[in-house]
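>>> predicted model and sequence below, questions to follow.
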Amino acid sequence: MRSLAVKFLPLAVAAAFVSPFALAAPASAAPAHYPCGGTPPDLDPAQGTGKANGVNMRTGSSTSCASRGLAHLSHTINYHCYTVGQDGLTWSYARNLSTGSAGWMRDDLLRDNGSRVPCPQ
């Protein structure tokens, strides 16, 4: 769950500096789980790598979704955005620039904890 704190810290810091005269906006929830087959838009220009060889790139943000390919330590991946999976962990959608495969990867398996941009709901 460390990656959730890292992802939402900028929102908490920004909230501390909001004027007391500003109108309260509804609290935004974490981005919802993407079902198997869900493909979000590319909103994040960041790139990264996995922490291990053979990280599954899945069709949705769940280990119950099929694997579309693998990412290895030597591969560069381009992040699109992140969501919170059914397991409560954050997942990033990414394209493997080395193989062309794209899919959802659990952020704790990524060297830099994945995307910092939430996927649209």
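Nice, thanks for sending it over.
>>> where exactly do the helices run in this protein?
Remark: helices assigned in the chain by DSSP state H are 2-16.
>>> pLDDT on stretch 38-51, on average?
Average pLDDT, stretch 38-51: 92.
>>> quick check: end-to-end length of it?
Start-to-end span of stretch 38-51 (C-alpha to C-alpha, to the nearest Å) is 24 Å.
>>> how about the contacts made by residue 49?
Neighbour list for residue 49: 71, 73, 75, 76, 77, 110, 111 [criterion: C-beta atoms under 8 Å, 6 or more residues apart in numbering]. For glycine as for every other residue, the C-beta is placed from the backbone atoms N, C-alpha and C.
>>> 6 Å - rerun?
With contact taken as C-beta atoms under 6 Å, 6 or more residues apart in numbering, residue 49 is in contact with residue 111.
>>> low-confidence stretches in the protein?
Counting by pLDDT under 70, the chain shows low-confidence ranges at 1-30.
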